[in-house]
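Asker: need a 3D model of the sequence below.
(2 chains)
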Amino acid sequence: MKLKKIVLACSLAAAGTFAAVAPAQAQISGDVIRIGFITDMSGLYSDIDGPGGAEVIKMAIADLGGTVAGKKVEVLVADHQNKADVAAAKAREWFDQQGMDLLIGGTNSGTSLAMAKVAAEKKKPFIAVGAATSALTNDQCTPYTVHWAYDTVALAKGTGNAVVKAGGKSWFFLTADYAFGASLQNDTASVVKAAGGNVVGSVKHPLSASDFSSFLLQAQSSKAQILGLANAGGDTINAIKAANEFGITKTMKLAGLLVFINDIHSLGLKTTQGMYLTDSWYWNQSPETRNWSRKFFEKFKRMPSSLQAADYSAAFNYLTAVKAVNTDDADKVLAQMKKTKVNDVFAKNGWIRDDGTMVHDMYLMQVKSPDQSKEPWDYYNVVETIKGEAAWTAKSETKCPLWK
Amino acid sequence: MDIFGIPIQAFLGQLLLGLVNGSFYAMLSLGLAVIFGLLGIVNFAHGALYMIGAYVAYLGLETFGINYWFALVLAPLVVGALGVVVERTLLKRLYKLDPLYGLLLTFGLALIAEGIFRDQFGVSGQQYPVPEALQGATNLGFMVLPNYRGWVIIASLAVCLATWFLIERTRLGAYLRAGTENPALVQSFGVNVPLMVMLTYAAGAGLAALAGVLAAPVIQITPLMGSNLIIIVFAVVVIGGMGSILGSILTGLALGLVEGLTKVFYPEASNIVVFVIMAIVLMFRPAGLFGKEK
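Answerer: Here you go, the predicted model:
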């Protein structure tokens, strides 16, 4: 306790001296703005975020001229290997020893929930981009978490509603057997029921299952019209492949509940045409998104995913706020971010709600048929724009104490 | 008619699907059993060899237009040659040491191979088309079986039986088995034992690659496809009895069936049922179902 007081006194004194010497300077701790990015850099989810995400954060800094408020901006990148403990330990180390000012969280809900806790404890901003779980802004919301790109509620509302409207009343779920799968299934099931549909059954499969044929035959014998895929990445891809092979697609329609453009690219349009999916962004939406994406393509030989665009947007908006308030003080920057609209290549007129959700439009897309597609990666027709608040958790549903 | 509340048609369908998966288990565990039985090496690189086999088929098709049937021959040869290099430069130095060293070396090699492919191709996975002659599906009355899956069962059973016959019923097989029992004696009869051992490892690697090519049209080809499967395959080998050829084939098929049935009755347990069986078998028969106590 005594030691703490001495340290505090010394640092106050130091800060005081510093302030006295350079009163007009920007208030940037450590004379450098440090952005940490912790994501899956090498595993299952590294193509949709990973090294591409790290690169676009650097692009955001370059687009702001390399310096913000006259100070250098540095990016720290780490691989959490999809382990929550690794992610939390790295975040803690960087906050304590590197003077990290902003943490951006990549894919994997488990790791983001752990990092959100660390950031809240350190009172530093945490922007979750790649994680899907809606818990980040619901029962586990904090004043320092901002959820930037998408969540399971938005995915469910988009795809669930659209499919029921198009006549898909009875659903069977194929669900990855862990927290994310269960939350995606539950969120979608309530949307389906509210829209007048019904759920006739579900089967849980282990994460990274080697074979889906047996689960698919069970789905088929349920006689449901829609097969809802409450899984992600390789599991979704293998399930869709097997569904085609076994002729399931002749009697049931597939609804991918979390599908990224990289998955479509991997499967090909012949297999996926006509499928509905919900995403926060698509590279081929406007001249602005196309220009931005071509720059990414030159480096990675693939088009950016929605998460990579959101990584850029998160870093860009944070740094713009730092510039505006001329400090990297967490509370001041967050307050500035919350009163400024997000207008960039990722989102138009987005704004950060009290529960931490960055409210923006979501898009319901349908996968093009091979002859509709004009060039590689031209995969989607945007069939509906889900406007602002309609896409996200409603105030009546939230358990977040910050938004009551 | 129902069996335990499941319509018999669905029941038969699940059994057949279990057999398809069992065929893969059998073929992979066969290669492991051959390598362990004859070299005493616990080949943790087996999954990586399987993955490389699939990539050879994919790259052959993409860059040189080599078709599936040719890839079935080419991939085992390429991966077998890789096996020769590994055996000559690394593995042969370990034969006199504890098996643990072989395990560590091959595990390290597997991680390196995965890392290289991940760096080159990313993790999203590549697609390999089903060859034209095997496209489509056949209605068996109780289920629709894609022709390709039927071919997998036939092809892998044929390969398994041929391997078993070669090792257990031919003169060459007798040399091999004798060479592992007492290398010095067999060598003194004028048999080139080191060459034989090298070719055995190459053959085991080739079998893994063949399984990789067979799997390529069914699942997506990713750098991680081997490590997802290898642990189950090891369990199969342990249940069958380390080094038992026939044991690994029969156990592979049987566990495919058991796993298939688990997916009907209690899907959540389908990825652990193999290990539960392994634990039970080890409790009562530590050498495995077909293994000999030493």
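Asker: show me what the helix or strand encompassing B:Val213 is packed up against.
Answerer: For B:Val213, the element it lies in under DSSP states H and E is helix B:193-215. Using 3 or more Cβ pairs under 8 Å, 6 or more residues apart in numbering or on different chains; DSSP states H and E, the elements in contact with helix B:193-215 are helix B:8-39, helix B:46-59, helix B:68-89, helix B:147-169, helix B:171-181, helix B:183-188. Glycine gets a C-beta too; all of them are placed from N, C-alpha and C.
Asker: show residues contacting the fifth one.
Answerer: Applying Cβ atoms under 8 Å, 6 or more residues apart in numbering or on different chains, the external contacts of helix B:171-181 come out as B:37-40, B:166-167, B:185-187, B:191, B:193, B:196-197, B:200.
Asker: now do it against helix B:8-39, angle only.
Answerer: Interaxial angle of helix B:171-181 relative to helix B:8-39 (axes from the mean of the first three to the mean of the last three Cα atoms, to 10 degrees): 60 degrees.
Asker: how far off helix B:147-169 does helix B:171-181 point, in degrees?
Answerer: Using the same axes, to 10 degrees, the direction of helix B:171-181 lies 70 degrees away from that of helix B:147-169.
Asker: pLDDT averaged over the helix holding B:Val213 - what is it?
Answerer: Average pLDDT, helix B:193-215: 93.
Asker: that older thread, out of the contacts of helix B:171-181, who's nearest chain A?
Answerer: B:Gly37 (25.4 Å; Cβ to the nearest Cβ).
Asker: against B:Val197, how distant is the closest one?
Answerer: 12 Å (Cβ to Cβ, to the nearest Å).
Asker: please apply the same query to B:Val86.
Answerer: 12 Å.
Asker: then B:Val152?
Answerer: Distance of B:Val152 to B:Val197, given as Cβ to Cβ: 30 Å.
Asker: residues in contact with the closest residue to chain B within the stretch 1-150 of chain A?
Answerer: Chain B sits closest to A:Asp47 of the stretch 1-150 of chain A, with a gap of 4.4 Å, by Cβ to the nearest Cβ. For A:Asp47, the contacting residues are A:Asn262, A:Arg302, A:Ser305, B:Gly122, B:Val123, B:Ser124, by Cβ under 8 Å, 6+ apart.
Asker: now do B:Lys292 against B:Val197, distance only.
Answerer: Taking Cβ to Cβ as the measure, B:Lys292 falls 21 Å from B:Val197.
Asker: between these two, which one's more packed in?
Answerer: B:Val197 (23 against 11; other Cβ atoms under 10 Å in any protein chain shown).
Asker: can I assume the more buried one is in contact with B:Gly40?
Answerer: No. Taking contacts as Cβ atoms under 8 Å, B:Val197 lies outside contact range of B:Gly40: 10.0 Å.
Asker: quick check: neighbours shared by the two?
Answerer: B:Tyr95.
Asker: nearest to chain B within the stretch 51-200 of chain A, name that residue for me.
Answerer: Across the stretch 51-200 of chain A, the shortest distance to chain B (Cβ to the nearest Cβ) belongs to A:Asp177, at 5.8 Å.
Asker: grab the nearest non-local neighbour of that residue.
Answerer: In space, not counting the residues next to it along the chain, A:Asp177 is nearest to A:Lys204; the distance is 4.1 Å by Cβ to Cβ, 6 or more residues apart in numbering or on different chains.
Asker: likewise A:Ile61?
Answerer: The shortest distance from A:Ile61 to any non-neighbouring residue, by Cβ to Cβ, 6+ apart, is to A:Val73 (4.7 Å).
Asker: low-confidence ranges, the stretch 101-250 of chain A, go.
Answerer: For the stretch 101-250 of chain A, no stretch is flagged by pLDDT under 70.
Asker: quick one: name the residues of it near chain B.
Answerer: Selection of the stretch 101-250 of chain A residues close to chain B by Cβ under 8 Å from any Cβ of the partner chain yields A:177, A:203-206, A:208-211, A:213-215, A:217-218, A:221, A:234, A:237-238, A:241-242, A:245-247.
Asker: sitting in helices, which of these do you find?
Answerer: Counting by DSSP state H, the part of these found in helices is A:Ser213, A:Ser214, A:Phe215, A:Leu217, A:Gln218, A:Ser221, A:Gly234, A:Ile237, A:Asn238, A:Lys241, A:Ala242, A:Glu245.
Asker: just the buried ones from the residues you listed, in ChimeraX syntax?
Answerer: Remark: buried members of these, expressed as a ChimeraX selection using 16 or more other Cβ atoms under 10 Å in any protein chain shown:
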select /A:213,214,215,217,218,221,234,237,238,241,242,245
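Asker: just send the ones in helices among the residues of the stretch 101-250 of chain A next to chain B back as CSV, with distance to B:Ile66 too.
Answerer: Formatted as CSV, these follow (distance: Cβ to Cβ, whole Å):
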residue, distance to B:Ile66
A:Ser213, 28
A:Ser214, 32
A:Phe215, 33
A:Leu217, 34
A:Gln218, 38
A:Ser221, 40
A:Gly234, 26
A:Ile237, 24
A:Asn238, 25
A:Lys241, 22
A:Ala242, 26
A:Glu245, 23
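Asker: secondary structure class of the residue of the stretch 1-150 of chain A closest to chain B, three-state.
Answerer: Classification of A:Asp47 using DSSP: H, G, I helix; E, B strand; the rest coil returns coil.
Asker: what's the pLDDT at it?
Answerer: Note on A:Asp47: pLDDT of 85.
Asker: backbone dihedrals for it, both of them.
Answerer: Per-residue torsions, A:Asp47: phi -80, psi -30 (degrees, to the nearest 10).
Asker: which residues does the closest residue to B:Leu210 other than its chain neighbours contact?
Answerer: Nearest residue to B:Leu210 in three dimensions, chain neighbours excluded: B:Pro76, at 4.8 Å (Cβ to Cβ, 6+ apart). Residues in contact with B:Pro76 (Cβ under 8 Å, 6+ apart) are B:Gly53, B:Ala205, B:Gly206, B:Leu207, B:Ala209, B:Leu210, B:Val213.
Asker: most surrounded residue in those residues?
Answerer: When neighbours are counted by other Cβ under 10 Å, B:Gly53 leads the contacts of B:Pro76 with 33 neighbours.
Asker: touching, that one and B:Val213? I think so.
Answerer: Yes. Contact criterion Cβ under 8 Å: B:Gly53 and B:Val213 qualify, at 5.5 Å.
Asker: next, show the common contact partners of the two.
Answerer: Residues touching both B:Gly53 and B:Val213 by Cβ under 8 Å, 6+ apart: B:Ala75, B:Pro76.
Asker: give the contact list for the residue of the stretch 51-200 of chain A closest to chain B.
Answerer: Residues counted as contacts of A:Asp177 (Cβ under 8 Å, 6+ apart) are A:Lys204, A:His205, A:Pro206, A:Leu207, B:Glu268.
Asker: same question for A:Trp351.
Answerer: By Cβ under 8 Å, 6+ apart, A:Trp351 lies in contact with A:Lys338, A:Lys341, A:Val342, A:Met358, A:Val359.
Asker: the second one contacts A:Asn349, correct?
Answerer: Yes. With contacts counted by Cβ under 8 Å, A:Lys341 reaches A:Asn349, the gap being 5.5 Å.
Asker: so which of the contacts of A:Asp47 wins on neighbours?
Answerer: If you count neighbours using other Cβ under 10 Å, the busiest of the contacts of A:Asp47 is A:Ser305, which has 29 neighbours.
Asker: which non-adjacent residue is nearest it?
Answerer: Leaving aside its sequence neighbours, A:Ser305 sits nearest to A:Ile48 (Cβ to Cβ, 6+ apart; 4.5 Å).
Asker: quick check: the one you found touching A:Asn262?
Answerer: Yes. If you go by Cβ under 8 Å, A:Ile48 and A:Asn262 touch, sitting 5.3 Å apart.
Asker: follow-up on the earlier one: now the buried members of the contacts of A:Trp351.
Answerer: A:Val342, A:Met358, A:Val359.
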